[in-house]
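Novice: Below are the sequence and a predicted model for it; my questions follow.
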Amino acid sequence: MAEIAIVGGGPSGAMCGEQLARAGHSVTIFDEHLAWEKPCGGGLTHKAIQHFPFLLDNSSPKKLVRSVELIASDEQRVTMSMAHPIVIYSRTVLNGLLLERAQDAGCVVKRSHVMGVDTTSQKPRYCVDGDWQTADYLVLAAGARNQLLPETRPLKRDELEMTQGYFVPETADAITIKFLPHFEGYIWSFPRQDHLSVGICGSMSAHTNTELKAHLGAFVEKQNISVVDAKFYSHVLPSPQEHTFQRNVVGRNWAMIGDAAAWVDPLTGEGLFYALRSGELLGRSLAEGCPEKYPTRVKAEFSAELEFAARIVRRFYRGSFLGTSVPTRMVQFMRKSPVFKQLVGDLFSGAQDYSTLKQRVLGHLGISVSQFVASVLNFEPPAVSRVPRGSNASD
């Protein structure tokens, strides 16, 4: 029974620990917070529910949301209905659920802070509560800002995003997403079981905390959301670029998962599915005695999707189409085209991936919308059929 230490008890660490414990390994999870409230929406998309059905089939409090309102920077709005709901948890509840499953599988969970890591020896060492201990393998699941592994580089400012927000003691039935002019990020309002998670995320290299706070303040005022009794939060999350995916995520006696490995969609900010899936894939690889299979499995499962998102994220937030910003034009086309609105809804809910998006777009949307999507995704739009002069055909 190999002794495995996992630094970080969030979704990725808990899922990895559960897999390894069920395979008969001795697993200890270290986390200074354990189940805690994290500044994010807390939404689980369709692909997460499909792959992990227990996330829906349990008695823990959660909220199923099928409606999303998108607001462009010029205040144009569109509401879309999703065929597959987003399941929204409080992060305290979700982390607690996953840690409980890990403990039931046989993991030892300790509320302790790992201060340092040494992977230069045959067996990795880690310092917890001032005491250096050894394990057969070390898994780092300690978030985006950790700098514990000497063999890896920390994420840089252009690979991170800041978040600010409030836990508001109100309820709602729909998700709200607000885009801003010349801004790499967005504002969100996610309804949870007994409160709203209202926040803003923006590129750390492009925006300041003051800028984020001003935008968020204007949003809650315009939406008539009272933050008098709300709890404020701030955090840093990964927002990977293409070169981020060239980092090593596995070594001789260690591996990184979840936010520590920057497994996050930089376009949508979705991270929970990739945290859970990366933890599962590493757990399976270690249980087979083949940790070197982990990067290959991640590549086959989802990292190609994330790399694609990293290639188009700046074009989406900073680009324009026919003189108008991409998010604004997207909202306009959604208001005009039910087919396009359904496509965006499927993307948002996780029912549509990036890899098959081109095939769905070509031949299924009107020429203007197809050209718009092609310009964002950087692929050839369908050819425009020429109408003979004198024809009665109309636009």
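Specialist: Noted; the coordinates are in hand. Numbering: from 1, shown residues only.
Novice: so Gly9 touches Thr28, yeah?
Specialist: No - counting by CB atoms under 8 Å, Gly9 stays clear of Thr28, with 10.4 Å between them. The way it works is simple: take the backbone N, C-alpha and C, and place the C-beta from them, glycine included.
Novice: shared neighbours of the two, anything?
Specialist: Here Gly9 and Thr28 share the contacting residues Val109, scored by CB atoms under 8 Å, 6 or more residues apart in numbering.
Novice: Between these two, point out the one with more neighbours.
Specialist: Higher neighbour count among Gly9 and Thr28: Gly9, with 28 against 19, using other CB atoms under 10 Å.
Novice: Spit out the contact partners of the residue lying closest to Tyr166 once chain neighbours are set aside.
Specialist: Distances taken as CB to CB, 6 or more residues apart in numbering place Ala230 nearest to Tyr166, at 3.8 Å, with adjacent residues excluded. Counting by CB under 8 Å, 6+ apart, Ala230 makes contact with Tyr166, Phe167, Val168, Pro169, Val198.
Novice: now do 7 Å
Specialist: When contacts are counted by CB atoms under 7 Å, 6 or more residues apart in numbering, Ala230 touches Tyr166, Phe167, Val168, Pro169.
Novice: Next: Ala23.
Specialist: Ala23 neighbours (CB under 7 Å, 6+ apart): Ala287.
Novice: Surely Leu70 forms part of a strand?
Specialist: Yes - assigned with DSSP: H, G, I helix; E, B strand; the rest coil, Leu70 falls within a strand.
Novice: Any idea what it is bridged to?
Specialist: Per DSSP bridges, the residues bridged to Leu70 are Val78, Ile177.
Novice: isn't it right up against Val78?
Specialist: Yes - assessed by CB atoms under 7 Å, Leu70 is found in contact with Val78 at 5.4 Å.
Novice: When these two are compared, which one has more neighbours?
Specialist: Between Leu70 and Val78, Leu70 has the larger neighbour count (other CB under 10 Å), namely 23 against 18.
Novice: show me the contacts for that one.
Specialist: Here Leu70 is in contact with Arg77, Val78, Ile177, Val331 (CB under 7 Å, 6+ apart).
Novice: And the pLDDT for the first one?
Specialist: The one in question is Arg77. pLDDT, Arg77: 97.
Novice: Quickly note the distance from the residue nearest to Tyr166 to Ser189.
Specialist: 12 Å (CB to CB, to the nearest Å).
Novice: Give me the residue ranges of this protein where confidence is low.
Specialist: Scanning the chain for pLDDT under 70 picks out 1, 39, 363, 380-395.
Novice: where do the helices sit along it?
Specialist: Ranges of helices within the chain are 11-22, 46-51, 91-105, 209-222, 272-287, 294-298, 304-318, 326-336, 338-349, 357-361, 367-377, based on DSSP state H.
Novice: deepest of the ones you listed, which one?
Specialist: helix 11-22 (a mean of 28; mean count of other CB atoms under 10 Å).
Novice: Format the CA atom coordinates belonging to it as CSV.
Specialist: Extracted in CSV, the C-alpha atoms of helix 11-22 (Å, rounded to 0.1, in the frame of the first residue of the first chain):
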residue,chain,number,x,y,z
PRO,A,11,-12.6,19.0,-5.4
SER,A,12,-9.5,17.7,-7.3
GLY,A,13,-7.7,16.6,-4.1
ALA,A,14,-10.7,14.9,-2.7
MET,A,15,-11.6,13.1,-5.9
CYS,A,16,-8.0,11.9,-6.4
GLY,A,17,-7.8,10.7,-2.8
GLU,A,18,-11.1,8.8,-3.2
GLN,A,19,-9.8,7.0,-6.3
LEU,A,20,-6.6,6.0,-4.6
ALA,A,21,-8.1,4.9,-1.3
ARG,A,22,-10.6,2.7,-3.1
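Novice: now the angle from that helix to helix 272-287?
Specialist: Here the directions of helix 11-22 and helix 272-287 differ by 30 degrees (axes from the mean of the first three to the mean of the last three CA atoms, to 10 degrees).
Novice: and the angle from helix 11-22 to helix 91-105?
Specialist: Going by the same axes, to 10 degrees, helix 11-22 makes 10 degrees with helix 91-105.
Novice: Packing partners of helix 11-22?
Specialist: Counting contacts by 3 or more CB pairs under 7 Å, 6 or more residues apart in numbering; DSSP states H and E, helix 11-22 packs against strand 3-7, strand 26-30, helix 91-105, helix 272-287.
Novice: do you know which of these lies nearest Asn224?
Specialist: Across those, Asn224 has its closest neighbour in helix 91-105 (25.6 Å, CB to CB).
Novice: With distance to Val264 added, can I get the helices and strands packed on helix 11-22 in CSV?
Specialist: Shown next, in CSV, are the helices and strands packed on helix 11-22 (distance: least, CB to CB, whole Å):
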stretch, distance to Val264
strand 3-7, 19
strand 26-30, 21
helix 91-105, 15
helix 272-287, 6
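Novice: So for Glu221, which of those sits nearest?
Specialist: helix 91-105 (26.0 Å).
Novice: quick check: angle from the closest one to strand 3-7?
Specialist: 180 degrees.
Novice: Run a quick neighbour tally on Leu34.
Specialist: Count around Leu34 with other CB under 10 Å applied: 18.
Novice: got a list of what it touches?
Specialist: Leu34 neighbours (CB under 7 Å, 6+ apart): Gly9, Leu99, Val109, Arg111.
Novice: again, only using 8 Å
Specialist: Gly9, Asn95, Gly96, Leu99, Val109, Arg111.
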